[in-house]
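Participant: Sequence isn't available, so here's the structure alone:
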């Protein structure tokens with residue numbers, strides 16, 4: 001669907017229906033899978049950084065008296 005929105009933005013002259021039918025004519029079922037690798041890679045990297053940041057803050061914010069109670 002990324003391809004659809006980018007094509008719609010770049011062409012700027014067509015309607016939603018004409019853009020979708022043109023993409024379907026040229027891409028077929030590939031319309032739904034195009035650019036999915038880039039999106040999944042970006043999502044995985046973002047999720048990893050969020051988890052890494054969360055775990056770091058969690059370790060820093062734990063009181064010293066409770067550190068032996070937490071199983072890492």
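Facilitator: Happy to help now that I have it. Just so it is clear, the structure is predicted and the values come from calculations on it, not from any experiment.

Participant: quick one: secondary structure of residue 34?
Facilitator: Here residue 34 is coil, with the state taken from DSSP: H, G, I helix; E, B strand; the rest coil.

Participant: low-scoring pLDDT stretches of this protein, where are they?
Facilitator: By pLDDT under 70, the low-scoring segments of the chain are 1-9, 11-13.

Participant: what about the helices in it?
Facilitator: Secondary structure of the chain (DSSP state H): helices at 2-11, 16-27, 36-61.

Participant: distance from the centroid: which residue in this structure tops it?
Facilitator: residue 65 (39.3 Å; Cα atoms, centre = their mean).

Participant: Stretch 58-72: how far from the chain's middle?
Facilitator: In this view, stretch 58-72 has its centroid 32 Å away from the chain centroid, taken as Cα atoms, centre = their mean, to the nearest Å.

Participant: rewinding a little: need the helices of the chain in a markdown table with distance to residue 72, can you?
Facilitator: C-beta: built from backbone N, CA, C; applies to glycine. Shown next, in a markdown table, are the helices of the chain (distance: least, Cβ to Cβ, whole Å):
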| stretch | distance to residue 72 |
| --- | --- |
| helix 2-11 | 39 |
| helix 16-27 | 48 |
| helix 36-61 | 8 |
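
Participant: Cool, thanks, talk later.
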